[in-house]
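Undergrad: Sequence and predicted structure below; questions after.
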Amino acid sequence: MKIGAKTFKTPFWIASSDLIRTKSQAEEVLKYGQNMIGSIVWKTTTLEPREGYKEPIVCDFYDGFLVASGMKNLGIHKTIHEIKEFKEDFPEQSIILSIASVNFDNPVKEFSDMAKLIRDIPIDGVELNLSCPHQVSGEKYKTELLAQNPEMVEKITKVVKDTLYGTDKILIAKLTGWNTDIVRVCKVAENNGADAITVSNIFPGMGYYTGLTEKKNGYSYKVGEPLLGNFKGGYTGVAMLPATLLIVNNVANSVNIPVIATGGCMSSNDAMIQAFLAGASAIASATFYYDSNCRTCRDFSNDLRERKEILEKFVKEKIVNI
Ligand SMILES: Cc1cc2nc3c(=O)[nH]c(=O)nc-3n(C[C@H](O)[C@H](O)[C@H](O)COP(=O)(O)O)c2cc1C
């Protein structure tokens with residue numbers, strides 16, 4: 001699978017999440033998936049470390065998760081350190097680093113400052129996280145995501161692309177199909193230098209404890225309390241799949257760069273194959289890999305073996321773009 005001049009050994013990627021933000025976490029996941037993971041999109045980092053919102057920041061919700069971490073991350077300097085250490089032991093494993101801004105007055109500057117710091121580190125590319133549902137563009141917009149603002153998408157994509165100029169790093173824009181003219185925004189990213197588009201991020205969401213189910217994740221809730229510490233956040237999981245397929249299809253039919261599908265792509269119901277059929281060139285999953293001991297990774301390898309024949313047929317007949 002190719003994006004720009006980069007070739008990835010498989011189109012199955014791990015999406016940016018709290019699953020991998022340190023070297024040891026990445027090692028743990030790779031124990032099971034080393035030959036399978038086309039790229040790891042490292043946990044989104046901001047310029048400075050962030051504590052994030054109060055717990056719970058992740059909560060089981062039917063077949064997925066409610067999430068509102070408040071961009072909890074190690075900050076760019078520590079993240080760079082972790083990635084460099086990891087790459088010393090796993091030089092062949094592709095890494096994409098996800099970056100975001102919480103400088104609501106001037107996000108373009110924060111993206112630009114981070115791009116300068118990661119220009120020369122051993123990663124294959126940078127993903128612009130412009131679509132986290134609890135990351136807003138600032139006072140002026142209040143609830144608008146950067147990805148819903150074409151002017152912001154233009155400026156940020158351009159400044160990071162210019163900073164990466166002269167390196168072989170690819171640039172990916174992670175956008176949202178939530179309440180926005182997604183095709184227009186994707187074209188803005190493409191026209192300003194994005195080498196690929198990831199759609200979508202988690203969808204905005206929230207939930208309550210009703211007392212009718214077991215206590216969630218060991219937290220003690222009172223009946224009627226919100227499940228997330230921040231009350232509002234986003235939803236991930238298989239229920240996102242139909243929307244993901246629709247968005248991927250609309251975008252893939254409109255841009256000339258690869259589209260990476262994220263949202264509800266688990267193997268259990270052949271969702272990944274459906275995402276390829278919709279036009280995705282790669283799949284980035286988070287929830288799917290999120291169980292203890294990465295059991296899913298092992299199941300997935302077996303699943304994939306069974307589905308290899310179908311996929312190979314689709315590739316041969318040029319029904320899919322991988
Ligand atoms: C706990 C958790 C943390 C996440 N953190 C990030 C993040 O830091 N940056 C980002 O771009 N997406 C983040 N995501 C979104 C995932 O990358 C992915 O796009 C989303 O979960 C949809 O895919 P899925 O249904 O396979 O989980 C996070 C998801 C989860 C579950």
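TA: Received it, and whenever you're ready, just let me know what you need.
Undergrad: Okay, and the beta partners of the residue in the stretch 51-200 of the chain positioned nearest to the ligand?
TA: Going by CB to the nearest ligand atom, the ligand is nearest to Asn129 of the stretch 51-200 of the chain, at 3.9 Å. In this view, the C-beta of every residue, glycine as well, is placed from N, C-alpha and C. Bridge pairing for Asn129 (DSSP bridges) gives the partners Lys174.
Undergrad: same deal with Arg50?
TA: Beta-bridge partners for Arg50, by DSSP bridges, are Asn73.
Undergrad: what about Asn256, neighbour count?
TA: Per other CB atoms under 10 Å, the neighbour tally for Asn256 reads 7.
Undergrad: How much space separates it from Gly229?
TA: Distance of Asn256 to Gly229, given as CB to CB, to the nearest Å: 42 Å.
Undergrad: if we can go back for a sec, could you pull up the residues touching the residue of the stretch 51-200 of the chain closest to the ligand?
TA: Contact analysis of Asn129 by CB atoms under 8 Å, 6 or more residues apart in numbering lists Ser16, Thr44, Ser98, Ile99, Ala100, Gln135, Lys174, Asn201.
Undergrad: wait, isn't the first one in contact with Ile99?
TA: No - taking CB atoms under 8 Å as the definition, Ser16 is not a contact partner of Ile99, at 9.8 Å.
Undergrad: Local confidence estimate at the residue of the stretch 51-200 of the chain closest to the ligand?
TA: As predicted, Asn129 sits at a pLDDT of 96.
Undergrad: Distance check, it against Ser101.
TA: When distance is defined by CB to CB, Asn129 is 9 Å away from Ser101.
Undergrad: With Ala115 instead?
TA: Noted for Ala115: a distance of 11 Å to Ser101, by CB to CB.
Undergrad: ok, now Ile197?
TA: As judged by CB to CB, Ile197 and Ser101 stand 19 Å apart.
Undergrad: Over to Glu306?
TA: On the measure of CB to CB, Glu306 and Ser101 end up 42 Å apart.
Undergrad: re earlier: common neighbours of Ser16 and Ile99, please.
TA: In the contact map built from CB under 8 Å, 6+ apart, the residues linked to both Ser16 and Ile99 are Thr44, Glu127, Asn129.
Undergrad: how about the residues of the stretch 51-200 of the chain near the ligand?
TA: Val58, Phe65, Val67, Ser69, Ser98, Asn129, Cys132, Lys174 (CB under 6 Å from any ligand atom).
Undergrad: what's the neighbour count on the last one?
TA: With neighbours defined by other CB under 10 Å, the count for Lys174 comes to 28.
Undergrad: okay, it: pLDDT?
TA: pLDDT, Lys174: 98.
Undergrad: And Asp105, by the same measure?
TA: Turning to Asp105, the model gives it a pLDDT of 83.
Undergrad: what about it, which SS state?
TA: Secondary structure state of Asp105, per DSSP: H, G, I helix; E, B strand; the rest coil, is coil.
Undergrad: Backbone torsions only: list them for it.
TA: When read as degrees, to the nearest 10, the backbone of Asp105 gives phi -80, psi -40.
Undergrad: Neighbours of it, how many?
TA: For Asp105, using other CB under 10 Å, the count is 10.
Undergrad: Same question for Ser220.
TA: Ser220: 8 neighbours (other CB under 10 Å).
Undergrad: how much space between it and the ligand?
TA: In this view, Ser220 and the ligand are 21 Å apart by CB to the nearest ligand atom, to the nearest Å.
Undergrad: Doesn't Leu66 lie inside a strand?
TA: Yes - counting by three-state DSSP, Leu66 is located in a strand.
Undergrad: Could I get the pLDDT score of it?
TA: 91.
Undergrad: Let me see the contact set for it.
TA: Val58, Cys59, Gly205, Met206, Gly207, Leu227, Leu228, Gly233, Gly234, Tyr235 are the contacts of Leu66 under CB under 8 Å, 6+ apart.
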